[in-house]
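In: here is the input, now give the coordinates:
(2 chains)
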Amino acid sequence: MFLELEKEVEQVLREALEKASYEYKELEAGLDLEESEHADIASRVAFSLARAYKQPPEIVAADIVNHLEIPAEHTLISNAVAAGPYINFYVNEFFLHKTLQRIKEGIEPAKKKDKIIIEHTSANPDGPLHIGHLRNAIIGDVLVRVLKRAGYDVETHFYVNDMGKQIGIVVWGAERIALTENKKADHAIADVYIAANRMVEENSAFLKDVESLMRKYEAGDEVVTKKYETVVKKCLSGIQASLNRLNILHDLFVWESEFVREGAVEEVIEELKQKGNIKFDSSGSALLVQLEGIDKELVIQRTDGTSLYTARDLAYHRWKSNRCDRVIDVFGKDHELVSQQLAKALQILGVKVPEFVIFEFVSLPTGSLSTRAGRYISADELMEKIEARAYNEVNKRRRDLNEDKKREIARKVGIGALRYDMVKVSPDKHIVFDFKDALDIEKKGAPFIQYSHARACSILRAAEEQGFSMEDYEPTLLKENSEKELIKKLSKFWYIVEEASSELKPHLVAKYARELAESFNLFYKDCPVLNANEELRKARLVLVECAKIVLSDTLDVLGIEAPEEM
RNA sequence: GGGCUCGUGGCUUAGCUUGGAUAAAGCACCGGCCUUCUAAGCCGGGGAUCGCGGGUUCGAAUCCCGCCGAGUCCGCCA
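Out: You can find the predicted model right below:
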């Protein structure tokens, strides 16, 4: 409902500016609306007009307000006040009623036309997901959820890097080292990878074997392909299990080798040879592309004629582009240069350029993460520990619940806390992972929000048991400050979805979720629902139901489950 | 050496794109609130020269320049 309010304020303001004969169209900042602690919505337009018309902004603001007329009917605004240079707008009762009504009836904004393909996680199938991948996966998944809510048709891809050297090493290793039994597949693969990598490092003759495997795989050798598939699928099954546990699903797993087999990589290389500024290295056989505005040439083919990931990535992106309107890639900071090169090369090929969401690194106090060196904390280990921790908390608080119930709540709270902590921080902040902090779920994160939801459910449950109805509720009875503040907060859900999706900033949703829970808790404290008189109780029950809906929707956008009790 | 990102109370962060109302939260610390719907909650308190220096502006955490510190990338790994 906040979006509608914004539109109406814009219109009213525009009319006032015209009446007062201000040329607002030239203003760069537009009407400069903002959320404000001093008003329900405010405009700073007087500042920029003040400059253009050489008047103090306070005078301009007062002048605009004098010309401002709020339509008598069907308006959402009650009044507008000039507060110094600011123009403050306040909502009326109708806005509050309409907000509740919309939420209760489940009215959503119109669908958008664009189809978006978003790629995230895309961890190499050489071991389990670690906490670095976790950040990618969670940022990516929240983006997917936000974009879907915003009305886009979204397809999610996991790009499987099955042709790189590390997979060659794993396949080579799997021929010599037995997989540890009764260990999760991706973890068993990591053991092989780490051991095989050490062997290859110590004996360069082994490297030749690996390279030979890679050439055979690229050439489509049947026996080698079987071996690759077995290993990669095994690892992927483990990775997928971890992702599922985190409530993350991909629509498609796209293997990079497909593009080699289908000849798409060959096509891309040929086309670049024609359209691009091609160079050869000093040995005369590796293929380089000179890109405008980037110092480093992009290497797309090895000296031995095999393709590089860059060429395969180009083929993959061209294929993706043809299937949608927008391509979004969630990449780690280490891929930034590569992503720029990719974008330039795609331009040469006449393919639309992807949008990149780049997130900074997660490192350990002891240094950066590395699967190869065995220096990582797996997502599985973290999930295990955080669920155990959550279980302790549940067990402390709810001895009355049976074991299954406690486990279920612990799972929701643990995974929720993990997801929330990862998504709440802006992607361009470097994170040094600390186990103690990660397990400290006392903080005002997911559990705080889930708890508010559980409280709402608990009231609704009791109301139903006692047969209280919400029919013919009278929204004007909701006069308490905490009631109105909660409704206003509820009204911002779609506004936040819009903002987070258009700016590709998932952490905005996390911030909103916390504020929403805070508003609900204030209301909960201030306003008894079940013990209120019948009419007031009806209205408050409706408010509780709406709060429950928006809390659970917000949590859903964050990919966090909303327990009915905890 | 060059590119990109970050640097906000003791700790973790929001705000920076688009400059504007006393810099906003959480953790930790101090004090208060369970005979009314779950205290994973609520209320109050102390604590910040927004890394440092300069510039632009009526106005800078926000824009520009320089410096310092952290991370990351810089042709045949992905």
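
In: what residues does the stretch 51-200 of chain A have near RNA strand B?
Out: A:51, A:57, A:83-86, A:88, A:124, A:161, A:163-166 (CB under 7 Å from any atom of the strand). For the C-beta atoms, the positions are set from N, CA and C on the backbone; glycine is no exception.

In: who wins for neighbours among those?
Out: Counting neighbours by other CB atoms under 10 Å, A:Met163 comes out on top of these with 23 neighbours.

In: so it touches A:Asp313, yeah?
Out: No - in this structure, A:Met163 is not within contact of A:Asp313 by CB atoms under 8 Å, at 10.9 Å.

In: overlap of the contact sets of these two?
Out: A:Glu256 (CB atoms under 8 Å, 6 or more residues apart in numbering).

In: can you list the weak-confidence ranges in the stretch 351-500 of chain A?
Out: A:442-443 (pLDDT under 70).

In: what ranges do the helices span in it?
Out: For the stretch 351-500 of chain A, helices defined by DSSP state H, counting those that start in this stretch occupy the ranges A:379-397, A:403-424, A:435-439, A:446-465, A:481-491, A:493-503.

In: now, which of the residues of the stretch 51-200 of chain A next to RNA strand B sits nearest RNA strand B?
Out: Using CB to the nearest atom of the strand, A:Gly164 is the member of these that sits closest to RNA strand B, with 2.2 Å.

In: quick one: the closest one and A:Asn124 touch, right?
Out: Yes - counting by CB under 8 Å, A:Asn124 is a contact partner of A:Gly164 at 6.5 Å.

In: show me where pLDDT drops low in chain A?
Out: Using pLDDT under 70, chain A drops low at A:24-29, A:282-284, A:442-443.

In: what about the closest residue to RNA strand B within the stretch 301-450 of chain A, neighbour count?
Out: With CB to the nearest atom of the strand as the measure, A:Ser426 is the residue of the stretch 301-450 of chain A nearest to RNA strand B, at 2.8 Å. Neighbour count for A:Ser426, taken as other CB under 10 Å: 13.

In: need the contact list for it.
Out: Each residue near A:Ser426 by CB under 8 Å, 6+ apart is listed here: A:505, A:507.

In: now with 6 Å, please.
Out: A:His507 (CB atoms under 6 Å, 6 or more residues apart in numbering).

In: follow-up on the earlier one: is it possible to export the helices of the stretch 351-500 of chain A to a markdown table including mean neighbour count and distance to A:Glu155?
Out: Listed next are the helices of the stretch 351-500 of chain A as a markdown table, based on neighbours: other CB atoms under 10 Å; distance: least, CB to CB, whole Å:
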| stretch | mean neighbour count | distance to A:Glu155 |
| --- | --- | --- |
| helix A:379-397 | 17 | 24 |
| helix A:403-424 | 21 | 21 |
| helix A:435-439 | 14 | 31 |
| helix A:446-465 | 20 | 27 |
| helix A:481-491 | 21 | 31 |
| helix A:493-503 | 20 | 16 |
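
In: let's have these in a markdown table, adding distance to A:Asp295.
Out: Output for those, formatted as a markdown table (distance: least, CB to CB, whole Å):
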| stretch | distance to A:Asp295 |
| --- | --- |
| helix A:379-397 | 36 |
| helix A:403-424 | 34 |
| helix A:435-439 | 39 |
| helix A:446-465 | 44 |
| helix A:481-491 | 49 |
| helix A:493-503 | 30 |
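
In: Serialize those to TSV and add fields for distance to RNA strand B.
Out: Output for these, formatted as TSV (distance: least, CB to the nearest atom of the strand, whole Å):
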stretch	distance to RNA strand B
helix A:379-397	4
helix A:403-424	5
helix A:435-439	7
helix A:446-465	3
helix A:481-491	9
helix A:493-503	6
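
In: if we can go back for a sec, tell me which of the residues of the stretch 51-200 of chain A next to RNA strand B is nearest to A:Ser212?
Out: Using CB to CB, A:Lys165 comes nearest to A:Ser212 of those, at 12.3 Å.

In: would you mind measuring from that closest one to A:Ile300?
Out: From A:Lys165 across to A:Ile300, the span is 16 Å (CB to CB, to the nearest Å).

In: same question for A:Val170.
Out: Separation of A:Val170 from A:Ile300 (CB to CB) stands at 24 Å.

In: which of these two has more residues huddled nearby?
Out: Shown here are A:Val170 and A:Ile300; by other CB under 10 Å, A:Val170 has more neighbours (30 against 26).

In: now do the contacts for the more buried one.
Out: Residues in contact with A:Val170, defined by CB under 6 Å, 6+ apart, are A:126, A:192-193, A:231.
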